[in-house]
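Student: Predicted model and sequence below, questions to follow.
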Amino acid sequence: MQCSSTTTVGASEVKKCTIRNCVRELRAAAGDMTQQQLAETIGVTRQTVVAIEKARYSPSLEVAFRIAETFGVPLDDVFQHGP
Amino acid sequence: MGIPGMDMSFQEKSILGSLVITVCLFGAYFIQVFKVFTADSSDAVVTLPIALIGIVIAVVVVEIIYQITIALVSRDEGEDERDRLIEANATRFSYYILATGSITAVGYMLISGFVGDSVAEVSFQTLIAAANMIIFSFILAEVVGFAMQLYYYRRGV
């Protein structure tokens, strides 16, 4: 799946990495699930789903796993990281 | 293309309102403080605590009205981990400003005591000035905290 959202995270003393996510694409693949529906399923606000999709926020591991479970895919299929 | 600001969440509207209310009302108070101390009128200093009480009451009343209004027109989705992270990151900046202001105020009082013959000579005017330094640093810390929260909501955290 082609992921569109990327964000750079990491403290200055740690090598920074770019995190990509496919949340928007997975929502579309899941029968055009709305941001509101996903937000309610994973227990965050719709604004947080928007921020994740726009790569303005990297969610906690707990939320990341809930997103993967919601779409029935491994975590690696939702979030990928690279240099 | 939407109107800028119209896509704001409840949290952003709440923070922006608090920022504007704090800047406007406490700004008016600190203009008064500046006028009193630059005029060097020791009599006028006693009016400052009364003015401060008035401003605090005004801030509370305006905040209540504003928060009720946006609660009626916007849907509050509650807080989640992103809101808490943004608040925590913004509070870090506020802490440094408040700590710097408080230490400066204490230093100002100590220096004022050493300049006189004894600590007992620290005048009422000096105490009011030091108290206003602490209040100013507290308000500045709040304003910076609000501004940083808005920045994190818009630019990401």
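Tutor: Sure, I can see it.
Student: Now residue B:137. Nearest residue, chain neighbours left out?
Tutor: Once flanking residues are discounted, residue B:137 sits nearest to residue B:101: 1.9 Å by CB to CB, 6 or more residues apart in numbering or on different chains. Placement of C-beta: from N, CA and C, glycine included.
Student: Now that that neighbour has come up, it's in contact with residue B:132, right?
Tutor: No. Counting by CB atoms under 8 Å, residue B:101 stays clear of residue B:132, with 10.3 Å between them.
Student: Run through the neighbouring helices and strands of the helix or strand containing residue B:130.
Tutor: Using DSSP states H and E, residue B:130 maps to helix B:124-155. Judged by 3 or more CB pairs under 8 Å, 6 or more residues apart in numbering or on different chains; DSSP states H and E, the packing partners of helix B:124-155 are helix B:10-39, helix B:42-45, helix B:47-73, helix B:81-115.
Student: For chain B, which residue gets nearest to chain A?
Tutor: residue B:156 (3.1 Å; CB to the nearest CB).
Student: The strand or helix carrying residue A:48 close to chain B?
Tutor: Of the helices and strands defined by DSSP H and E, residue A:48 is found in helix A:46-53. Yes. Remark: helix A:46-53 sits within contact range of chain B at A:46, A:47, A:48, A:51, by CB under 8 Å from any CB of the partner chain.
Student: quick one: which of those residues is nearest residue B:23?
Tutor: Here the nearest of these to residue B:23, counting by CB to CB, is residue A:47; it sits at 24.5 Å.
Student: ok, that closest one touching residue B:77?
Tutor: Yes. Between residue A:47 and residue B:77 there is a contact under CB under 8 Å: 6.9 Å.
Student: Pick out whichever of the two has more residues nearby.
Tutor: residue A:47 (22 against 18; other CB atoms under 10 Å in any protein chain shown).
Student: contacting residues for the more buried one?
Tutor: B:9, B:11, B:77, B:82 (CB atoms under 8 Å, 6 or more residues apart in numbering or on different chains).
Student: what about it, distance to residue A:58?
Tutor: Distance of residue A:47 to residue A:58, given as CB to CB, to the nearest Å: 15 Å.
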